[in-house]
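[1] below is the sequence, then the predicted model.
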Amino acid sequence: MKTKLWLLLVLFALLSCDDDVKITNQRVFFEVHYFNEAWGYTNYGVLIDSLGQVSSFNLPSGSDWNYPDSLGNISRVDMNKNFALCDSVVHNISNDSLQHYVNMIDNAARGKVSEPAYVMADAGIRQYLAYVYDAKSDSYKQIVLYQWGDLMIENKAPAAAVFTEWLARMSQFWKYAYIQPAE
């Protein structure tokens, strides 16, 4: 009897597993971030976490936001510090919807990214970003999906355009401002 119960439990455990492992291995998947110092200090945005929570931040001047290094890497510790600066959850994304977009990150990561081009002055920088966590280095790799403003950058992968539109919709729930992509 114990053997049958044991086999039943093992079978149940195997059948309940799925390929959603990515969502639990990484805390932050997406970020929309706007920064400008032209006419005063502005630094706000949203982070989307593995639970599908869209969490907002609005940082005062002098805040300790951690940015990725020149290669686009940010440590897990620094990402968690950034996440701790979020002040409220403004929306929740269903697990199915989040998984759909998480599954597309690799496609965007393979996209050719344009060279930065200076196109404006005093507009600030609006970024649409995705992240991939690397357990070996205990860090996140930033993937630029689209950047608008003083310095323009475009990821040519079709998935990047889909992300930009979706992230603009997710950031509309944010209490500070609607961060939409440029037309």
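    That came in fine, so what should we check first?
[2] element containing the closest residue to residue 72 other than its chain neighbours, please.
    Distances taken as CB to CB, 6 or more residues apart in numbering place residue 142 nearest to residue 72, at 4.1 Å, with adjacent residues excluded. The C-beta positions use only the backbone N, C-alpha and C, and glycine is treated the same way. Taking DSSP states H and E as the definition, one finds residue 142 inside strand 139-149.
[3] which other helices and strands contact that strand?
    Here strand 139-149 touches strand 73-75, helix 76-84, helix 105-109, strand 125-134, strand 151-154, helix 158-171, going by 3 or more CB pairs under 8 Å, 6 or more residues apart in numbering; DSSP states H and E.
[4] so which of these comes closest to residue 29?
    For the helices and strands packed on strand 139-149, the distance to residue 29 is smallest for strand 125-134, at 6.0 Å, taking CB to CB.
[5] buried stuff in the closest one?
    125, 126, 127, 128, 129, 130, 131, 132, 133 (16 or more other CB atoms under 10 Å).
[6] residue closest to the middle of this protein?
    Nearest to the mean C-alpha position of the chain, by CA atoms, centre = their mean, lies residue 30 at 0.9 Å.
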